[in-house]
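In: can't give you the sequence, but here's the structure:
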């Protein structure tokens, strides 16, 4: 097993082809490539909709009246409101489009926060070890075992008392999700750090007299981040589901502050009983599609990283095998703690 | 061991417990695992306690807009929330240890009461969902593994990913829309119709599991009514979990299907069905059971959402209710109980895995 992609002198492959997703795209064949491409397309559409929501949405997310007065509540889909209006009198299509923006913001904040904190903790915990490591791991495991939605609820209560403005709501949702995610990053990075720590190049750096900080960040960290793209994709989809779950339980963002799919679904709960379908189906489909797209990417990355699951083309030239050997189930890692 | 990624034990290794040369073997492993439950519960309870207190005292949160400042201060003093946080924490720990979780603020019910009366409803829903998940997920996972990378596999994987991508409450809403509102085949919400509820209330020593209670009344109509109410919630939550099981079984059975002993069995003329069922699935069961145990946490989270969708009056429904009332004492109690359940399940999972595979006990 050669060490890692960044260590070997692979000069003849241009740099952009070695970027996480592009590399896998080149590596994939057949059905797996189909999955990956579908995922990329759906996610791409989601990103475009989220970024250009102000241009794409026919109305504002909190707009109740047009030139001809109030929209009216629970209007079935028609020419002016392609997807109808909600029980609160909002335009469904606009709320679905603006909802993409909220979801994207939450994903970004949540992932950035949890990657930074999780990776830092994992690095410290793995490299320093000792009692700091043990305590961190025990706490992380306790959190990991906890139903993530419940933990997110508790965190949401702490941060906002439940109700909030746009940024307050986004931050509350994102931080709630971060609390749930940190243990995962911590575990993965720590496992990698433990492996890299004993590699020869770390030893030689020590012998040369490099400072601990330099060894940690330059030698260990840079070689311990291979599995991160995979977790980031999987977590993005989980972030959307957690956000929707929070919104559905009434911990969403107020409709006057931003559009949020889970909140809209909660409000449509009573509509369903009277046969009003458009208020629930469209925000719901939006969630399903986005999560589906991101998950397809994540699944493909996962399969491509695991030689047991990768569709076979030719004997590998990939760093994928190495990753597979080091991605044990959470349980297996638990063993190391004792 | 030759292969690093080998997911499971060789066949025949199950259940027998050979003496280990080092360590105390099975019982020592069991003891360590059992003792690990306590720090887990302790950490979770502590975490929830301090997080909830960060927002201020529960009385202000739930009644702040309804009482005058004087009344508030009096109630806060009565409940002891004006004492130092550490004193409150120690008292809370002591109470939890003796099984006393206090009373909810909004309706003054003892938390233990709430847990007992609604816990059975959640348990019933979880069991139904698990049954659905097992019946759907495990056979389909084997099929997908066997037809790996062909169309059957692709279709099943799309189902698995879809079941993951669909929030359980949306799945519930769609099922409700189709089967209750449009087709009118099944009831819209609740655990039983009012008539059945009354009939069940008249029983003494109710179990709280409606199906058992309905059978005890001896009325076929009551049993049918209870089952009809359970179908949609069980399907919504069960299909979500089934997708996870499917993926899990698929991955692990693919791992074992490529092993030498499967080829050996095939060359001996063992039928393809038996090959997958016995030779490939059995050794894959240990990781499957382990991860299924971890799914209990997911299942509980899902139950909270499913119960809200279908007005299934269980712990999750109550949790959402108390959340909306900002009654954080009740929330804390329910969350703590769920944490204990998760910790206990993890222990049981470890136990089962250790019985199935001697190599797990290190």
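Out: Sure thing, it's come through. Values in this document were obtained by computation on a predicted structure and should not be read as measured data.
In: next structured bit after the helix or strand of chain B with the lowest mean pLDDT?
Out: Taking mean pLDDT, DSSP states H and E as the measure, the helices and strands of chain B show their lowest mean at helix B:58-63, namely a mean of 70. Using DSSP states H and E, the next helix or strand after helix B:58-63 towards the C-terminus is helix B:69-79.
In: If you average the pLDDT over the strand or helix carrying residue B:37, what comes out?
Out: Of the helices and strands defined by DSSP H and E, residue B:37 is found in helix B:25-54. Average pLDDT, helix B:25-54: 77.
In: residues in contact with residue 293?
Out: Just going to use chain A. The contact partners of residue A:293, taken as CB atoms under 8 Å, 6 or more residues apart in numbering or on different chains, are A:38-43, A:45-46. Using the backbone N, CA and C atoms, a C-beta is placed for each residue, glycine as well.
In: not what I meant, chain B
Out: B:345-346, B:348-350, B:352.
In: From residue B:288, how far out is residue B:157?
Out: Distance of residue B:157 to residue B:288, given as CB to CB, to the nearest Å: 17 Å.
In: what's the answer for residue B:246, then?
Out: Taking CB to CB, one finds residue B:246 at 11 Å from residue B:288.
In: between those two, who's got more neighbours?
Out: residue B:246 (28 against 22; other CB atoms under 10 Å in any protein chain shown).
In: Contact partners for the residue of the stretch 251-362 of chain B found nearest chain A?
Out: Nearest residue of the stretch 251-362 of chain B to chain A (CB to the nearest CB) works out as residue B:301 at 3.8 Å. Residues near residue B:301 by CB under 8 Å, 6+ apart: A:147-150, A:245.
In: For residue 209, grab the count of nearby residues.
Out: Looking at chain A here, since you left the chain open. 7.
In: looking at chain B here, not the other one
Out: 15.
In: So what's the predicted local confidence for it?
Out: 77.
In: Does it touch residue B:124 like I think?
Out: Yes. Using CB atoms under 8 Å, residue B:209 makes contact with residue B:124 at a distance of 4.9 Å.
In: in which helix or strand would I find the residue of the stretch 251-362 of chain B closest to chain A?
Out: Going by DSSP H and E, residue B:301 is in helix B:281-310.
In: next helix or strand past that helix?
Out: Going down the chain from helix B:281-310, the next helix or strand is helix B:315-324, by DSSP H and E.
In: touching chain A at all, that next one?
Out: Yes. Against chain A, helix B:315-324 shows contacts by CB under 8 Å from any CB of the partner chain at B:319-320, B:323-324.
In: what's that helix packed up against?
Out: On a contact count with 3 or more CB pairs under 8 Å, 6 or more residues apart in numbering or on different chains; DSSP states H and E, helix B:315-324 meets helix A:148-160, helix B:111-146, helix B:281-310, helix B:328-356.
In: Quick one: list the elements packing against the last one.
Out: In this case it means helix B:328-356. Against helix B:328-356 (3+ CB pairs under 8 Å, 6+ apart) you get helix A:130-145, helix A:148-160, helix B:25-54, helix B:58-63, helix B:111-146, helix B:281-310, helix B:315-324.
In: Redo those helices as a markdown table? Include distance to residue A:200.
Out: Compiled in a markdown table, the helices and strands packed on helix B:328-356 are given as follows (distance: least, CB to CB, whole Å):
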| stretch | distance to residue A:200 |
| --- | --- |
| helix A:130-145 | 23 |
| helix A:148-160 | 39 |
| helix B:25-54 | 35 |
| helix B:58-63 | 57 |
| helix B:111-146 | 39 |
| helix B:281-310 | 33 |
| helix B:315-324 | 53 |
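In: and these, which one's lowest on average pLDDT?
Out: Looking at these, the bottom one is helix B:58-63 with a mean of 70.
In: on that earlier part again, give the ChimeraX command for selecting the buried subset of the contacts of residue B:293.
Out: Buried residues among these (16 or more other CB atoms under 10 Å in any protein chain shown), as a ChimeraX selection:
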select /B:345,346,349,350,352
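In: Could I get the contacts of residue B:293 in CSV, plus columns for pLDDT and distance to residue A:137?
Out: Formatted as CSV, the contacts of residue B:293 follow (pLDDT from 0 to 100; distance: CB to CB, whole Å):
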residue, pLDDT, distance to residue A:137
B:345, 79, 20
B:346, 75, 15
B:348, 81, 22
B:349, 77, 19
B:350, 74, 17
B:352, 77, 23
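In: Nearest to residue B:38 among the contacts of residue B:293?
Out: residue B:346 (12.6 Å; CB to CB).
In: ok, now which ones touch the closest one?
Out: A:145, B:37, B:40, B:293-294, B:296.
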